[in-house]
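Asker: sequence? don't have it. structure:
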C-alpha cells in the first residue's frame, strides 16, 4: 500500500518510480520466519542483484 502511494505522487510529478517487494512468508499460522535473518540471507541478495541489473541497463551518462 505504501508503494502505491509513492507511485501515485511520482506519477503526479513525472518522477520515475519502481518498487521491489519480496514475499517473506505465507501470512498464515505456519509463518514462522526469522525476519532479520530473511532480510540478511534472502531479500538483500535479491534486491542487490535487481538494482545491479537495473543500473547496468541504464545508458551511460554523457
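Answerer: Alright, I've got the coordinates. Predicted model only: the values in this text are computed from it and were never measured.
Asker: got a list of what the residue nearest the centre of the chain touches?
Answerer: In the chain, the C-alpha nearest the mean C-alpha coordinate belongs to residue 20, at 2.1 Å (Cα atoms, centre = their mean). The neighbours of residue 20, taking Cβ atoms under 8 Å, 6 or more residues apart in numbering as the test, are 46-47, 50-51. Bear in mind the C-beta positions are built from the backbone N, C-alpha and C, glycine included.
Asker: and residue 44, how far is that from residue 11?
Answerer: Using Cβ to Cβ, to the nearest Å, residue 44 is found at 28 Å from residue 11.
Asker: just checking, which helix or strand succeeds the helix or strand of the chain with the lowest mean pLDDT along the chain?
Answerer: Sorting the helices and strands of the chain by mean pLDDT, DSSP states H and E puts helix 35-38 at the bottom, at a mean of 86. Remark: after helix 35-38, the chain's next helix or strand is helix 44-57, criterion DSSP states H and E.
Asker: pull the residues that contact that following helix.
Answerer: Residues from elsewhere that reach helix 44-57 (Cβ under 8 Å, 6+ apart): 18, 20, 22.
Asker: for the closest residue to residue 38 other than its chain neighbours, give me its contacts.
Answerer: Excluding the flanking residues, the one nearest residue 38 by Cβ to Cβ, 6 or more residues apart in numbering is residue 24, at 5.1 Å. By Cβ under 8 Å, 6+ apart, the contact list for residue 24 reads 33, 35, 38, 42-43.
Asker: select from the residues you listed the one having the most neighbours.
Answerer: When neighbours are taken as other Cβ atoms under 10 Å, the top entry among these is residue 43 (16 neighbours).
Asker: mind showing which ranges of this protein have poor pLDDT?
Answerer: 31, 62 (pLDDT under 70).
Asker: mind doing that once more with 80?
Answerer: Low-confidence segments of the chain, defined by pLDDT under 80: 1, 23-33, 61-62.
Asker: in JSON lines: the contacts of helix 44-57, plus distance to residue 28 and secondary structure.
Answerer: As requested, the contacts of helix 44-57 are exported to JSON lines (distance: Cβ to Cβ, whole Å; DSSP: H, G, I helix; E, B strand; the rest coil):
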{"residue": "18", "distance to residue 28": "29", "secondary structure": "coil"}
{"residue": "20", "distance to residue 28": "24", "secondary structure": "coil"}
{"residue": "22", "distance to residue 28": "17", "secondary structure": "coil"}
